[in-house]
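*Asks:* need the 3D shape of this:
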Amino acid sequence: MCNLRNEAITNPFQRIALALSYIKGPQVDDWVAKESNATMRKVFGDPQANPVILPKYADNDENLWNEFVMEFGQAFADTAAAEQAYADLNSLEMKGDEVDKYIASYENLLARAGWD
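*Replies:* So this is what the prediction gives:
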């Protein structure tokens, strides 16, 4: 998703519109509609709302894209990743004399589980 920044679309508002056009399906349609409306309000405001909503960003403000990426990550984060890392930790075994590989795997799983 963040790779769209490197494409020819330099305008964050257009980048978000393109990204949202790729997100399809009955389980995400509501989120896409909500995010599309929220993005429109951030750029154009909503003079019909009570109280009136003023624009928060210009369409070319990179913070608009950064906020979208953050909201996307929050909406679609893998909630089972920590549990899976914990399960993998419980089954982790050192095979032979590969202590470096074992330690690297252990530290990686600790980080994925959210542990220090």
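*Asks:* show me where the protein dips below the pLDDT cut-off.
*Replies:* 1-8 (pLDDT under 70).
*Asks:* how much space separates the spatially most central residue of it from Ala87?
*Replies:* Nearest residue to the geometric centre of the chain (CA atoms, centre = their mean): Gly73, 1.9 Å. To Ala87, Gly73 is 23 Å away according to CB to CB, to the nearest Å. To be clear about C-beta, it is placed using only N, CA and C from the backbone, and glycine gets the same treatment.
*Asks:* for Glu98, same thing?
*Replies:* 21 Å.
*Asks:* kindly report the same for Leu109.
*Replies:* For Leu109 relative to Ala87 (CB to CB), the value is 9 Å.
*Asks:* next one: Ser36
*Replies:* 37 Å.
*Asks:* and Leu109 and Ala87? Which one has more around it.
*Replies:* Leu109 (19 against 13; other CB atoms under 10 Å).
*Asks:* buried sites along whatever helix or strand that one lives in?
*Replies:* Taking DSSP states H and E as the definition, Leu109 sits inside helix 99-113. Neighbour-count burial for helix 99-113 flags 105, 109, 112-113 (criterion: 16 or more other CB atoms under 10 Å).
*Asks:* could I get those as a markdown table with distance to Met94?
*Replies:* What follows is these, written out as a markdown table (distance: CB to CB, whole Å):
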| residue | distance to Met94 |
| --- | --- |
| Ser105 | 9 |
| Leu109 | 13 |
| Arg112 | 19 |
| Ala113 | 18 |
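*Asks:* which of the residues you listed sits closest to Ala17?
*Replies:* For those, the residue nearest Ala17 by CB to CB is Arg112; the value is 33.0 Å.
*Asks:* many thanks, we can stop here.
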